[in-house]
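[1] sharing a model that was predicted from the sequence below.
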Amino acid sequence: MRTSQAAVLRSPDKSYEITEITLDDLRPHEVLVRVAGAGLCHTDLQLRNPDQQLARLPIVLGHEGSGVVEQVGAAVTAIKPGDHVVLSYGSCGTCVSCQSGAPAYCAEFELANLTGTDADGRLSARDRDGIPIANRWFAQSSFAQYAVATDRSVVVVDAGLPLEILGPLGCSLQTGAGAVLNEMRLAPGQSIAVFGVGAVGLGAVMAAKAAGAARIIAIDVRPDRLEQALDLGATHGVDARTDDLVGDVRATGGGVDFSIDTTSITDVITASVRVLDRPGTAVLVGGGPGEVHLTAYELAGKHVTFVYEGSAVPQIFVPRLIELWRQDRFPFDRIVRTYPLAEIDAAEADAIAGTTIKPVLIPAPVPESSR
């Protein structure tokens, strides 16, 4: 067993509680990681809306972790103590999708990532009063000093990298960049409209520039976000508060080959389809309960899909993003702001207000004598 300081969410309408939890011993395919940093992602905010979450409370959230491996389960062979790692999403490894190299579409994706429990419903952490704590959010729950990850969700990286800020490569940046590089497979000279330029959207912008896109249109309601997008590679910025969103996007040079929606706003999703040329592809990554209404004729020659995790295999794609970063072609570090884990409520408020694009939480160091 291992004790760990963690940020526990006990109720959707309450602040996080920084408290000590106790973790059970590792199962065969589990890995204990001392967390160096953990990005706060929009998906973590879903727990604030009881209608949009499947997880059990109380829970430790966080699914963009990075850190150092301290211990591995008996069946883990490719990861060893001392490895520097980025943590990504969970998958079962046995279903048809996993076996065919598409773990983002695992048959148990929602169970493995959105419930906060193990696949069998087990809770493997407790607080000081013995109350069970869900600690398997996206197979990691990294808002803590220690995270228990699954070997399939762990990506070993170079020890010389800035470990504390790498976590967002495992989800939000992977989602945006993967939508462009894996799902769209955008080619040099093609065009893309990016609806919503938070961390996911900016990941798409940077990936599109790295891929050689000729026209990259960033769309957002915040002028400062549009400026950031232009600085990171967008060729045009469109204020989404316009009365003619489709017209203003098309005014940048006509329709586009691809679009990506990160907002989950139904009217924006509709616009993301209507700005497409034929043929064209709209990739949706923003999750929400709304319904989208389009006529059948509007879909002629167009493809619309919803993508999990950028259709990425983390062990392949995260190193690819790191290599682009080394080449200064994916400067994700420019959108990161770090906060102590104890200031998680401030980080969350800044993320909701939009004043910080990608908060990364840094847990208090674990004393050498306690490891």
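    Looks like it came in fine.
[2] so how far is Ser311 from Arg185?
    From Arg185 across to Ser311, the span is 10 Å (Cβ to Cβ, to the nearest Å). (Glycine included, C-beta is placed from N, CA and C.)
[3] comparing these two, which residue is more hemmed in?
    Ser311 (21 against 11; other Cβ atoms under 10 Å).
[4] my guess is the more buried one contacts Val180, does it?
    No. Using Cβ atoms under 8 Å, Ser311 is not in contact with Val180; the gap is 10.5 Å.
[5] the strands in the stretch 1-150 of the chain, which residues?
    In the stretch 1-150 of the chain, the strands defined using DSSP state E, counting those that start in this stretch lie at 2-9, 17-23, 30-39, 59-60, 65-72, 84-87, 125-127, 132-133, 146-150.
[6] in the fifth one, what's buried?
    Within strand 65-72, the residues that count as buried by 16 or more other Cβ atoms under 10 Å are Gly65, Ser66, Gly67, Val68, Val69, Glu70, Gln71, Val72.
[7] what lies in contact with it?
    Here strand 65-72 makes contact (Cβ atoms under 8 Å, 6 or more residues apart in numbering) with 26, 30-39, 79-87, 140, 142, 146-147, 149, 151, 154, 157, 163-167, 170, 371.
[8] got a quick ChimeraX command for the buried subset of these?
    For the buried members of the contacts of strand 65-72, the matching ChimeraX selection, counting by 16+ other Cβ under 10 Å, is:
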select :26,30,31,32,33,34,35,36,37,38,39,79,83,84,85,86,87,140,142,146,147,149,151,154,157,163,164,165,166,167,170
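[9] ok so, going back, format the strands of the stretch 1-150 of the chain as TSV; extra columns: mean pLDDT.
    TSV is the format used below for the strands of the stretch 1-150 of the chain (pLDDT from 0 to 100):
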stretch	mean pLDDT
strand 2-9	96
strand 17-23	97
strand 30-39	98
strand 59-60	96
strand 65-72	98
strand 84-87	98
strand 125-127	97
strand 132-133	96
strand 146-150	97
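[10] just put the ones you listed in CSV and tack on distance to Glu108.
    Formatted as CSV, the strands of the stretch 1-150 of the chain follow (distance: least, Cβ to Cβ, whole Å):
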stretch, distance to Glu108
strand 2-9, 23
strand 17-23, 22
strand 30-39, 16
strand 59-60, 19
strand 65-72, 20
strand 84-87, 18
strand 125-127, 21
strand 132-133, 21
strand 146-150, 12
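[11] Glu343 falls within a helix, correct?
    Yes. Assessed by DSSP: H, G, I helix; E, B strand; the rest coil, Glu343 belongs to a helix.
[12] what's the separation between it and Phe143?
    For Glu343, the distance to Phe143 equals 12 Å [Cβ to Cβ].
[13] so what sits against both of these two?
    Contacts common to Glu343 and Phe143, judged by Cβ under 8 Å, 6+ apart, are Leu361.
[14] name the residue in those two with the higher neighbour count.
    Neighbour totals were compared for Glu343 and Phe143, and Phe143 leads with 31 against 18 (other Cβ under 10 Å).
[15] nearest residue to the more buried one other than its sequence neighbours?
    Using Cβ to Cβ, 6 or more residues apart in numbering and skipping the chain neighbours, the partner closest in space to Phe143 is Gly62 (3.5 Å).
[16] right, and that neighbour touches Tyr146 too?
    No. Distance between Gly62 and Tyr146: 11.5 Å, which falls outside the contact criterion (Cβ under 8 Å).
[17] with only the CA atoms kept, save the helix or strand of the chain with the lowest mean pLDDT in PDB.
    In the chain, no helix or strand scores lower on mean pLDDT, DSSP states H and E than helix 109-114, which sits at a mean of 94. What follows is helix 109-114, C-alpha atoms only, in PDB (Å, rounded to 0.1, in the frame of the first residue of the first chain):
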ATOM      1  CA  PHE A 109     -13.500   2.800 -23.600                       C
ATOM      2  CA  GLU A 110     -16.200   4.400 -21.500                       C
ATOM      3  CA  LEU A 111     -15.900   1.900 -18.800                       C
ATOM      4  CA  ALA A 112     -12.100   2.100 -18.700                       C
ATOM      5  CA  ASN A 113     -12.000   5.900 -18.800                       C
ATOM      6  CA  LEU A 114     -15.100   7.600 -17.600                       C
END
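[18] list the buried residues of it.
    Neighbour-count burial for helix 109-114 [16+ other Cβ under 10 Å]: Phe109, Leu111, Ala112, Asn113, Leu114.
[19] next: stretch 233-240.
    Gly233, Ala234, Thr235, His236, Gly237, Val238, Ala240.
[20] of those residues, closest to Val256?
    Nearest to Val256 out of these is His236 (Cβ to Cβ; 10.5 Å).
[21] return the distance of the closest one relative to Thr263.
    Relative to Thr263, His236 is positioned 18 Å away (Cβ to Cβ).
[22] again, but for Arg278
    Arg278 is 24 Å from Thr263, by Cβ to Cβ.
[23] who has more neighbours out of those two?
    Under the neighbour definition other Cβ under 10 Å, Arg278 and Thr263 were set side by side, and Thr263 has more, 24 against 9.
[24] check contacts around the nearest residue to Ser4 once chain neighbours are set aside.
    Using Cβ to Cβ, 6+ apart and skipping the chain neighbours, the partner closest in space to Ser4 is Tyr146 (4.0 Å). By Cβ under 8 Å, 6+ apart, the residues touching Tyr146 are Arg2, Ser4, Leu23, Leu32, Val33, Arg34, Val35, Glu70, Val366.
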